[in-house]
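[1] my questions concern the predicted model and sequence given below.
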Amino acid sequence: MSVLLEFSMFPTSDNCREGSSVSKQVAKIIDAIDKSGVAYQLTPMGTVVETETMREALDIIALAYEQVKDCDRVYSSLKLDIRQNTENRLKTKIESVEKNIGRTVNK
C-alpha cells in the first residue's frame, strides 16, 4: 500500500513567529521528517510524504506537531491519497504526467 500525505503545518500565534515568517518553525518540522527516514518532498506550499500505512502517515502528523506544540495556535491542512498494490508514487506519479506530456517538467 502507498499512502501519500500532503500537508502544511505552521504556527499562527505571535509567540512562535518572527513577524509574518514561520520558516524557522517549518524548518523544525522538515528536519524531524528528514531524520525519520520517511520519503518526502518539500514544496513551496507544503510537504508530501509517502508511507506504507495510514498509521505511519498519521505518526508523521504527530511528529510534525511535536515540533510546534509549544505554540499557542497551530494551523494544519492535510490531504491523503491511499492506494493498494503500489509504491514509490512520490516519484512515479510525476513521471507518469511527464510521460503523458512528452517531456520532463521539474528538471
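    Yep, that arrived. Just so it is clear, the structure is predicted and the values come from calculations on it, not from any experiment.
[2] tell me how far stretch 13-21 lies from the chain's centre.
    21 Å (CA atoms, centre = their mean, to the nearest Å).
[3] okay, buried residues for the helix or strand harbouring Asn100 please.
    Element membership for Asn100 (DSSP states H and E) is helix 89-101. For helix 89-101, burial by neighbour count (16 or more other CB atoms under 10 Å) applies to Arg89, Leu90, Lys93. Placement of C-beta: from N, CA and C, glycine included.
[4] can you lay out the residues you listed as JSON lines showing pLDDT?
    Supplementary listing: these in JSON lines, determined by pLDDT from 0 to 100:
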{"residue": "Arg89", "pLDDT": "92"}
{"residue": "Leu90", "pLDDT": "90"}
{"residue": "Lys93", "pLDDT": "88"}
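[5] quick one: which of the residues you listed is nearest to Gly46?
    Ranked by distance to Gly46 (CB to CB), the buried residues of helix 89-101 are led by Leu90 at 13.5 Å.
[6] who does the most centrally placed residue in the chain bridge with?
    When CA atoms, centre = their mean is applied to the chain, the residue found nearest the centroid is Thr47 (2.7 Å). Beta bridges link Thr47 to Phe7, Leu42 when assigned by DSSP bridges.
[7] who touches it in this structure?
    Residues near Thr47 by CB atoms under 8 Å, 6 or more residues apart in numbering: Glu6, Phe7, Ser8, Ile29, Ile30, Ile33, Tyr40, Gln41.
[8] and the helix holding Asn100, what does it pack onto?
    strand 2-11, strand 39-43, strand 46-51 (3 or more CB pairs under 8 Å, 6 or more residues apart in numbering; DSSP states H and E).
[9] okay, angle between the longest one and helix 89-101 too, please.
    Taking axes from the mean of the first three to the mean of the last three CA atoms, to 10 degrees, one finds strand 2-11 and helix 89-101 inclined to each other by 110 degrees.
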